[in-house]
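Participant: Return a 3D structure for these sequence lines:
(one chain, ligands or ions: 1)
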Amino acid sequence: MQRGWLSVSCQKKKSVFASIFICILLVLLTLFPAAALAGEKPVKNVIFLMTDGTAATHIALARWYKGSPLALDGILTGAVRTYSAESVITDSAPAATAFATGHKTNSQFLGVLPATTTVPGVPPIDAELKYKPVATVLEGARLMGKAVGLVATSNIQHASPAAFSAHTPYRDKFNIIAKQQVYEGIDVVFGAGKKYLVPREDGGMRADGLNLIATLRAGGYAFVETREAMQALTKGKAWGLFAADSLQNDMDRRTLAPNEPSLAEMTKKAIELLSQNKKGFFLFVEASKVDWASHGNEPMGVISDLLAYDEAVRVALEFAKQDGNTLVLACADHGNGGMSIGSKEYKNYDKLAYDRLMGPLKKADMTGEGVAQLIGDNRSDFNIRLVILQHYGIEDLTDAEVAKIKAAGKGRALASVIGPMLSARSAIGWIYTGHTGEDVFLYAYGPKRPTGLIENTQIAEITAKALGFDLGAVDRELFVPADQAFKALGAVAAYDDSDASRPVLVVRKGLLTILLPVDTNEMIVGKTTFKLPGLTVYIPQTKKAYVPRAAVELAKAAGF
Ligand SMILES: [Zn+2]
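Facilitator: Got it, this is the predicted structure:
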């Protein structure tokens, strides 16, 4: 597989300067293995599969529904503590940042250090380091020359995959995250969220006019949008975004989106493409929507996407067993909803027959989210009762329930109205509609697999150590405070957003100027564009920019 980030692309005619830069970059690249750990033989590949918003009950319920052991059951090794730097109940962004970078951080923060720390055991943060971007294990693996990939069922810009591939204190700024991801040099990306790569004028969400799909294609990526096209990929770098926003729940795919691949299919194809890299690979896989179903107290979404996740785990394990040098890690980022088997409505807990619990759930052939789409705007009594009976298995919907469904919003809002109706007919309880703070199961297979109780931050440490690099060294390579570094060269670095759609870091010394377009890995010297090994990131809160060390070295070479 081609190493995109290593390439020095000279978009204009190559000058003598360009040749000199290429030589210097090559020297820089040979220096990087300084970050590699000496000693123990590293593991070749790591696959980390995360299920969002999944506590022990979710897993027990999915197993009961399936009626046989889960792939996960065979690799249970411990538990994971989930709290963030500011809350004993974590938000998804700091949870995934912990997994990706080894640092506990604040709600909404992706790939950056915290601004406040309040939870006991989380060290206070130095003023200088607040909001500082920190390297992810994906970036570390990439610098090692390994292939890297992201797979999710939400939009790929959503918190968990974004924490591995973007650096911003705003998890909802999907346009910024999308831009950073496109310039991250990720070899394989499968999921949804196409609209954040497409300009508004072409039906997307981007106000900056950028067509990032065109950027990907120009960078040598295949861009696919259907399951069939994904299956046809045999080698090379690829992005596959199979929906504008998020993928359908697994159970609803056949009816609502037959062109979308399953999580297991995406995982299998990602492994097939990434494993062609002789140096190995890192792959992050997320079942994103167990969390969304839990926010809506909707049991079928939980079961559907948790079983789809388990199939993806099975695919990863099959590869790992055959390969023999792959570490598979799996866990949730936090619980959600306080789901229980047993509810306030069902008092005879020691007489809960299997059919009483599972009977109502087995009658549903779609999830609440899918049923909500089928009901859509047709809220006649007849249509509501028919769709709920046919696809959600509820035969005895009361008039009051029909009225509630009529009054509900669309999509997930409607799913969160019917979810509790099905839960009550089973014996499933929910405490509320938010995240919860318990420990979650840790699953692991392969060499150097962790056991016992660990912190969520240790997932990053374990991954980096297994692959044989030092995250701190990667950090020093990728996120240098631009102000200080260029000042030391007698230059001035200034953030310029006079064109709000193309913010850029301008570095000047005398008559020399270098441009570092923010949220990209590009560095423009004269008419030549160089690809850096990492992104230029700007933090609005601190007004600080961070650049890869290579940018500073190149500036020196350019006469700074
Ligand atoms: Zn989450």
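
Participant: Chain neighbours aside, what residue packs nearest to the closest residue to the ion within the stretch 251-400 of the chain?
Facilitator: Relative to the ion, the nearest point of the stretch 251-400 of the chain is residue 333 (4.2 Å; CB to the ion). Just so you know, the C-beta spots here come from the backbone N, C-alpha and C atoms, and that holds for glycine as well. Closest residue in space to residue 333, ignoring its immediate chain neighbours: residue 95 at 3.7 Å, by CB to CB, 6 or more residues apart in numbering.

Participant: Spit out the contact partners of the one you found.
Facilitator: Contact partners of residue 95, counting by CB atoms under 8 Å, 6 or more residues apart in numbering, are 82, 84, 160, 333, 334, 456.

Participant: List only buried entries from these.
Facilitator: 82, 84, 160, 333, 334, 456 (16 or more other CB atoms under 10 Å).

Participant: Not counting sequence-adjacent ones, nearest residue to the first one?
Facilitator: Put plainly, it is residue 82. residue 334 (4.6 Å).

Participant: thinking again about what came up before, okay, and the residue nearest to residue 333 sits in which element?
Facilitator: Per DSSP states H and E, residue 95 falls inside helix 92-101.

Participant: And the strands in the stretch 151-300 of the chain?
Facilitator: Applying DSSP state E, counting those that start in this stretch to the stretch 151-300 of the chain gives strands spanning 188-192, 222-224, 238-241, 281-287.

Participant: The stretch 401-550 of the chain too?
Facilitator: 428-429, 435-436, 440-445, 452-455, 480-481, 492-496, 504-509, 512-517, 522-525, 528-531, 537-539, 544-547.

Participant: To the ion, which of those lies closest?
Facilitator: strand 435-436 (6.7 Å).

Participant: what lines up beside the closest one in the sheet?
Facilitator: strand 335-336 (antiparallel) (DSSP bridges).

Participant: quick check, the partner strand touching the ion?
Facilitator: No. Using CB under 5 Å from the ion, strand 335-336 never reaches the ion; the gap is at least 7.2 Å.

Participant: partners of whichever helix or strand comes after that strand in the sheet?
Facilitator: Next in sequence after strand 335-336, counting helices and strands by DSSP H and E, comes strand 340-341. Strands that pair with strand 340-341, judged by DSSP bridges, come out as strand 428-429 (antiparallel).

Participant: Would you mind pulling the contact partners of the strand it pairs with?
Facilitator: In contact with strand 428-429 (CB under 8 Å, 6+ apart) are residues 61, 299, 338-346, 357, 423.

Participant: swap in stretch 229-242?
Facilitator: 1-2, 4, 156, 187-194, 197, 213, 216, 219-227, 257, 259-261, 265-266, 269, 273, 276.

Participant: and the residues you listed, which are buried?
Facilitator: Of the contacts of stretch 229-242, these count as buried by 16+ other CB under 10 Å: 1, 4, 156, 187-194, 197, 213, 216, 219, 221-225, 227, 257, 260-261, 265-266, 269, 273.

Participant: OK, contacts around residue 287?
Facilitator: 49, 50, 51, 52, 54, 153, 263, 305, 306, 308, 309, 312.

Participant: next one: residue 221
Facilitator: Counting by CB under 8 Å, 6+ apart, residue 221 has contacts 236, 237, 238, 239.

Participant: Stretch 160-180: how far from the chain's middle?
Facilitator: In terms of CA atoms, centre = their mean, to the nearest Å, the centre of stretch 160-180 is found 9 Å from the chain centre.

Participant: For the helix holding residue 95, the averaged confidence score.
Facilitator: Helix 92-101 shows a mean pLDDT of 98.

Participant: Which residues of this structure lie near the ion?
Facilitator: Near the ion, when you scan the chain using CB under 5 Å from the ion, you find 52, 53, 92, 291, 333.

Participant: which of those lies closest to residue 146?
Facilitator: Set against residue 146, the nearest of the residues of the chain next to the ion by CB to CB is residue 333 (23.7 Å).

Participant: The closest one contacts residue 52, correct?
Facilitator: Yes. If you go by CB atoms under 8 Å, residue 333 and residue 52 touch, sitting 5.7 Å apart.

Participant: Now the common contact residues for these two.
Facilitator: 92, 160.

Participant: and the gap between the residue nearest to residue 202 when sequence neighbours are not counted and the ion?
Facilitator: Excluding its sequence neighbours, the residue lying closest to residue 202 (CB to CB, 6+ apart) is residue 211, at 6.9 Å. As for residue 211, its distance to the ion is 30 Å (criterion: CB to the ion, to the nearest Å).

Participant: tell me the pLDDT at residue 211?
Facilitator: For residue 211, pLDDT reads 98.

Participant: now stretch 394-411, how far from the centre of its chain.
Facilitator: 34 Å.

Participant: wait, I meant stretch 264-279
Facilitator: That offset, for stretch 264-279, works out to 17 Å (CA atoms, centre = their mean).

Participant: can I have it written out in CSV, keeping just the CAs?
Facilitator: Output in CSV follows, covering the C-alpha atoms of stretch 264-279 (Å, rounded to 0.1, in the frame of the first residue of the first chain):
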residue,chain,number,x,y,z
ALA,A,264,-18.8,-7.3,9.9
GLU,A,265,-18.5,-6.8,6.1
MET,A,266,-16.9,-3.5,6.5
THR,A,267,-14.5,-4.9,9.1
LYS,A,268,-13.6,-7.9,6.9
LYS,A,269,-12.9,-5.7,3.8
ALA,A,270,-10.9,-3.2,5.9
ILE,A,271,-8.8,-6.1,7.3
GLU,A,272,-8.3,-7.5,3.8
LEU,A,273,-7.1,-4.1,2.4
LEU,A,274,-5.0,-3.1,5.5
SER,A,275,-3.3,-6.4,6.0
GLN,A,276,-1.6,-6.1,2.6
ASN,A,277,0.8,-3.7,4.3
LYS,A,278,3.9,-5.8,5.2
LYS,A,279,4.5,-3.6,8.3
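
Participant: Could you pull up the residues touching residue 490?
Facilitator: Residue 490 touches 509, 560, counting by CB under 8 Å, 6+ apart.

Participant: Which of the buried ones among the contacts of residue 95 fall in helices?
Facilitator: residue 160 (DSSP state H).

Participant: Dump the buried ones among the contacts of residue 95 to TSV, plus pLDDT.
Facilitator: As requested, the buried ones among the contacts of residue 95 are arranged in TSV below (pLDDT from 0 to 100):
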residue	pLDDT
82	98
84	98
160	98
333	98
334	98
456	98
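
Participant: Any idea which residue is closest to the centre of this protein?
Facilitator: The centre of the chain sits closest to residue 161, judged by CA atoms, centre = their mean, with a distance of 0.9 Å.
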